[in-house]
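*Asks:* predicted model follows, preceded by the sequence.
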Amino acid sequence: MTPFIHPVSVRDLSVAYHRKPVLRDLSFDTPEGKLIGIVGPNGAGKSTLIKAILGLLPLTSGKVEIYGKPYREQRHMIGYVPQRESVDWDFPTDALDVVMMGRYGKLGWFKRPKAEDREFAMDCLEKTGMADFANRQISQLSGGQQQRVFLARSLAQDARIYFMDEPFVGVDAATEKAIIRILDELKGQGKTVLVVHHDLQTVREYFDWLLLLNLRQIAFGPTEQAYTADNLQKAYGGRLTILPEMAGVAALR
């Protein structure tokens, strides 16, 4: 029998900025075909974790494997949606060109995209409800529309694992529903999706598994096991109020 290889395997991962520890000794193996929330207070290291996994930040110690191999050998398997504020939205390009960028991982940077690549990109815009805005400059789009375009770009990468950093921040309710619908479709295709998330009240609704983080790993596992009052208190401390009448839903003070 062939042993199961986890989509993402993290071992003893630590990261420091200017010698100050930001993440310490994280170890976990993700299941396949699940929506996995990465949750914790501001400054907990959530975005840092994604960047470290993707090789955008150096590790102080530990290692990361994507389907059993180093990230640099498996880049073609990864789709990434960064935080909106990290993107230069004044860059002179239209929505379709942004989505086409997602095809270059499959093509290689020196091959010209073909008609079928353009069709695939338009398909991704259609899925995110942005086909009518294909020729619109990204600077002219609303925050929610920009987020949908970046989601379409990640879909164009046709990846097996997706990392999304706060995809619901600054979007309207319709866009949030559209995003979660697409994430559910990816899960249905057997893809693994890791999402940095801040809204505790939707954690149970959105995610199958949960990584609860505050510089250290507080809990990792199925949401019904990891999302407990005790674990939330460990992660958020005095900034969190547990409301018994809300059946375990937590609220920030």
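*Replies:* Cool, the structure landed.

*Asks:* so which bits of the helix or strand hosting residue 119 are buried?
*Replies:* Here residue 119 sits within helix 115-127, counting by DSSP states H and E. Neighbour-count burial for helix 115-127 flags 117, 120-122, 124-125, 127 (criterion: 16 or more other C-beta atoms under 10 Å). Any C-beta I mention is one placed from the backbone N, CA and C, and that applies to glycine too.

*Asks:* I'd like those as CSV, with distance to residue 189 and pLDDT appended.
*Replies:* Listed next are the buried residues of helix 115-127 as CSV, based on distance: C-beta to C-beta, whole Å; pLDDT from 0 to 100:
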residue, distance to residue 189, pLDDT
117, 20, 84
120, 15, 90
121, 18, 91
122, 19, 93
124, 14, 92
125, 18, 94
127, 12, 91
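
*Asks:* by contact count, what packs against the helix holding residue 119?
*Replies:* helix 95-101, helix 143-156 (3 or more C-beta pairs under 8 Å, 6 or more residues apart in numbering; DSSP states H and E).

*Asks:* extract the CA atoms of that helix and return them as CSV.
*Replies:* Below are the C-alpha coordinates for helix 115-127, written out as CSV (Å, rounded to 0.1, in the frame of the first residue of the first chain):
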residue,chain,number,x,y,z
ALA,A,115,-6.2,30.9,-27.0
GLU,A,116,-7.2,28.1,-24.6
ASP,A,117,-5.3,29.9,-21.8
ARG,A,118,-7.3,33.0,-22.4
GLU,A,119,-10.5,31.0,-22.5
PHE,A,120,-9.5,29.3,-19.2
ALA,A,121,-8.8,32.8,-17.6
MET,A,122,-12.2,34.1,-18.8
ASP,A,123,-13.8,30.9,-17.3
CYS,A,124,-12.2,31.8,-14.0
LEU,A,125,-13.5,35.4,-14.2
GLU,A,126,-16.9,33.9,-14.9
LYS,A,127,-16.8,31.7,-11.8
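
*Asks:* now the end-to-end length of stretch 212-220.
*Replies:* Terminal residues of stretch 212-220 are spaced 6 Å apart (C-alpha to C-alpha, to the nearest Å).

*Asks:* hang on, the earlier thing: among the helices and strands packed on helix 115-127, which is the most enclosed?
*Replies:* helix 143-156 (a mean of 24; mean count of other C-beta atoms under 10 Å).

*Asks:* just checking, what packs against that helix?
*Replies:* Looks like helix 143-156 contacts strand 78-81, helix 95-101, helix 115-127, strand 161-165, helix 173-188 (3+ C-beta pairs under 8 Å, 6+ apart).

*Asks:* what sits up against it?
*Replies:* 79-82, 84, 87, 89, 95, 98-103, 120-121, 124-125, 127-130, 133, 138, 141, 162, 164, 167, 170-172, 174-175, 178-179, 182 (C-beta atoms under 8 Å, 6 or more residues apart in numbering).

*Asks:* quick check: mean pLDDT of that helix?
*Replies:* Per-region confidence: helix 143-156 scores 89 on mean pLDDT.

*Asks:* pull that helix out as CSV, backbone CA atoms only.
*Replies:* Coordinates of each C-alpha in helix 143-156 appear next as CSV, following Å, rounded to 0.1, in the frame of the first residue of the first chain:
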residue,chain,number,x,y,z
GLY,A,143,-12.4,46.3,-3.0
GLY,A,144,-14.7,43.3,-3.4
GLN,A,145,-14.2,43.2,-7.1
GLN,A,146,-10.4,43.3,-6.8
GLN,A,147,-10.6,40.4,-4.4
ARG,A,148,-12.7,38.4,-6.8
VAL,A,149,-10.1,39.1,-9.6
PHE,A,150,-7.3,37.8,-7.4
LEU,A,151,-9.3,34.8,-6.5
ALA,A,152,-9.9,34.2,-10.3
ARG,A,153,-6.1,34.5,-10.8
SER,A,154,-5.5,31.8,-8.2
LEU,A,155,-8.1,29.6,-9.9
ALA,A,156,-6.2,30.1,-13.2
